[in-house]
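Chemist: give me the fold of what follows.
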Amino acid sequence: MADYFAGDPRTNHERMLAGDLYVADDPAIEADFQRALRLSDAYHRAFVADPAAARPLLVELLGEVGDDVVVRPPLRVDYGSRIRIGARTFVNFHLTALDVADITIGADCQIGPNVQLLTPTHPVDPQPRRDKLEAAQPITLGDNVWLGGGVIVCPGVTIGDNTVVGAGSVVVRDLPANVVAVGNPARVVRENI
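Modeler: Numbering: from 1, shown residues only. Below is the predicted model:
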């Protein structure tokens, strides 16, 4: 088996945080995941009883939560701590935000149900055991971005301010500000002014 990290004294957790290739078998990575799992479950249960009283759990789970943010559970995250949500953003049911790298959601965004924000990547070459390696690229949504239901945003994508992405679209590359994009892969179909 190849030693992909020969000469690199960092832990897999340190490699992950740096955005480099890593193997997700580090105890610190597992501990962060378990923390997020417990907090997201507690947030879900608390939200059912009293959405306002659930907010402190959301703030504890995520890296940053702006004023008047609404996140309807269930919310699925890898770690939570690498997610920032700007003020007055609304997130509908079933957001999956795999935050191996940073995920930044701007202010005044509207996120439809069943949206996926996916930062992890995997090598695609067929070398033995490379299937165990992962890395990640950040995702950034500008202010006033609207993502329709079922949108998938792939690793490394930035979506500009005031952009609308139609339901079911798969965003594989950056989208500029002030446009409407649809399809798989998502493509700009008109300006949004």
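
Chemist: now do the SS call for Phe33.
Modeler: When classified by DSSP: H, G, I helix; E, B strand; the rest coil, Phe33 comes out as helix.

Chemist: in three-state terms, label Ala28 for me.
Modeler: Following three-state DSSP, Ala28 is assigned to helix.

Chemist: do Ala167 as well
Modeler: coil.

Chemist: was I right about it contacting Val180?
Modeler: No - the criterion here is Cβ atoms under 8 Å, and Ala167 misses it with Val180 at 11.9 Å. In short, each C-beta sits where N, CA and C put it, glycine included.

Chemist: the two: who's more crowded?
Modeler: Using other Cβ atoms under 10 Å, the more surrounded residue of Ala167 and Val180 is Val180, with 17 against 14.

Chemist: contacts only, for the more buried one.
Modeler: When contacts are counted by Cβ atoms under 8 Å, 6 or more residues apart in numbering, Val180 is found next to Thr163, Val164, Val165, Gly166, Val188, Val189, Arg190, Glu191, Asn192.

Chemist: most neighbours, which of the residues you listed?
Modeler: Val165 (26 neighbours).

Chemist: quick revisit: export the contacts of Val180 to a markdown table and tack on pLDDT, distance to Asn92 and secondary structure?
Modeler: Formatted as a markdown table, these follow (pLDDT from 0 to 100; distance: Cβ to Cβ, whole Å; DSSP: H, G, I helix; E, B strand; the rest coil):
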| residue | pLDDT | distance to Asn92 | secondary structure |
| --- | --- | --- | --- |
| Thr163 | 98 | 18 | coil |
| Val164 | 98 | 15 | strand |
| Val165 | 98 | 14 | strand |
| Gly166 | 98 | 15 | coil |
| Val188 | 97 | 24 | strand |
| Val189 | 97 | 23 | strand |
| Arg190 | 97 | 24 | strand |
| Glu191 | 95 | 26 | strand |
| Asn192 | 88 | 20 | coil |
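
Chemist: name the residues of the worst-scoring helix or strand of the chain on mean pLDDT that are buried.
Modeler: Across the helices and strands of the chain, mean pLDDT, DSSP states H and E gives its lowest value to strand 133-136, namely a mean of 82. The neighbour-count criterion (16 or more other Cβ atoms under 10 Å) identifies Leu133, Glu134, Ala135, Ala136 as the buried residues of strand 133-136.

Chemist: and the first one, how far is that from Glu30?
Modeler: Counting by Cβ to Cβ, to the nearest Å, the separation of Leu133 from Glu30 is 17 Å.
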